[in-house]
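Q: sequence and computational prediction follow.
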Amino acid sequence: MIKVLVATEKPFAPEAVNGIKNIFDKAGYQTILLEKYTNQADFIKAVENVNGLIIRSDKATKEVIEAGKNLKIIVRAGAGYDNIDLEAATANNVVAMNTPGQNSNAVAELAIGMMIYKARNMFNGSAGKELKGKKIGIHAFGHVGQLVGNIAKGFGMEVFAFDPFIADEKIKDLGATPVSDVKELYRNCEYISLHIPANEATKKSINYDLLSQMPQGATLVNTARKEVIDEEGLKKVFEERKDFVYLSDIAPDCKDELENNFEGRFFFTPKKMGAQTAEANINAGLAAANQIVDFIEKGIATFKVN
Ligand code: 3PG
């Protein structure tokens, strides 16, 4: 019998777990659940006898992959797959996939939600600001970026996008004004919303040079990954600019320093929660389960990333 481990330190909504189980029941597979585990050793132990693995931000390290002697496929139920050691997966003949687009709306709503929360002074009763009429620069115009753009337009914001992988015409068709130079995006927009993946090219790429260029009332919104921020540069901008605000779905490593020195100018979720809605969990979780069945039964590997 095919066995699939669903290893989620941050569990899916119950409806998503039931949906995943139904898909595997119908296929005649066994579902093994490992939720809220607190140490990596439990994950490594649980993967030992399984053929498939569904994860979220769980770390599919070389150790995990090598422990999975019968492992054929890992699906990251979500967009970013920087938590999978792709080299180890390939070396061990394990196919790695993601589920692009499935949880994007939840992430986009969080990005806008954090913007409103801060623009209204965290609902503390004092007079805040509106989003209407402000410029938002979307850094990478993929699934999440496009949805942020749509919602921002609904709020009456002016939407700009930088994405070297998407043609200007396409960006225009999708409702944003294309910007060909990333520095111009930062120079032009009070709000910047980050949607780049974390990889060797992007880590620490959001730096002092970009952030210090932002106009008065600058707000950086990060629902991507903390690793894309150059934290030394971030701190320097905080020091130099009283108007600068940072909103992030997961705190930076320098959180304590920011807390001690720049109170009230940032907001960080206590746990990464961009994709933490029932809808996103159902979309991504069920897509992951279906992708595993399609791969095992028919060899379909549409969303393979290694
Ligand atoms: C993603 O890459 O899809 C998001 O960061 C969501 O991550 P999560 O599944 O850990 O919430």
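A: Arrived safely, thanks for sending. This is a predicted model, so every value here is computed, not measured.

Q: can you map out the helices along the protein?
A: Ranges of helices in the chain, per DSSP state H, are 14-27, 40-46, 62-67, 86-91, 104-119, 143-154, 168-173, 182-188, 208-211, 231-240, 255-261, 278-298.

Q: looking at these, which is nearest to Asn98?
A: Proximity to Asn98, assessed across the helices of the chain by Cβ to Cβ, is greatest for helix 278-298 (8.8 Å). In short, each C-beta sits where N, CA and C put it, glycine included.

Q: next, the angle from the closest one to helix 14-27.
A: 20 degrees (axes from the mean of the first three to the mean of the last three Cα atoms, to 10 degrees).

Q: ok, and what's touching helix 278-298?
A: With Cβ atoms under 8 Å, 6 or more residues apart in numbering as the test, helix 278-298 has contacts from 2, 4, 6, 12-13, 15-17, 19-20, 23-24, 27, 29, 51-52, 54, 72-73, 75-78, 95, 97, 99, 102-103, 105-107, 275, 300-303.

Q: mind checking the helices of the chain for the one nearest to Pro270?
A: helix 255-261 (10.7 Å).

Q: the closest one - contacts with which helices or strands?
A: Helix 255-261 sits against helix 231-240, with contacts defined as 3 or more Cβ pairs under 8 Å, 6 or more residues apart in numbering; DSSP states H and E.

Q: show me the contacts for the residue in the stretch 1-150 of the chain that the ligand sits nearest to.
A: The minimum distance from the stretch 1-150 of the chain to the ligand, using Cβ to the nearest ligand atom, falls at Gly78 (2.5 Å). By Cβ under 8 Å, 6+ apart, the residues touching Gly78 are 56-57, 98-99, 102-103, 275, 284.

Q: 6 Å instead, please
A: Contact analysis of Gly78 by Cβ atoms under 6 Å, 6 or more residues apart in numbering lists 56, 103, 275, 284.

Q: how near is Lys69 to Lys62?
A: Taking Cβ to Cβ, to the nearest Å as the measure, Lys69 falls 14 Å from Lys62.

Q: look at these two and report which has more neighbours.
A: Lys62 (13 against 10; other Cβ atoms under 10 Å).

Q: wait, that one sits on Glu87?
A: No: taking Cβ atoms under 6 Å as the definition, Lys62 is not a contact partner of Glu87, at 7.8 Å.

Q: low pLDDT regions in the stretch 151-300 of the chain?
A: Within the stretch 151-300 of the chain, no stretch has pLDDT under 70.

Q: got the residues of it near the ligand?
A: 272, 274-276 (Cβ under 6 Å from any ligand atom).

Q: redo those as TSV? Include neighbour count.
A: Shown next, in TSV, are those (neighbours: other Cβ atoms under 10 Å):
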residue	neighbour count
Lys272	19
Gly274	25
Ala275	28
Gln276	20
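
Q: could I get those as TSV with distance to Val237?
A: Formatted as TSV, these follow (distance: Cβ to Cβ, whole Å):
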residue	distance to Val237
Lys272	23
Gly274	23
Ala275	28
Gln276	29
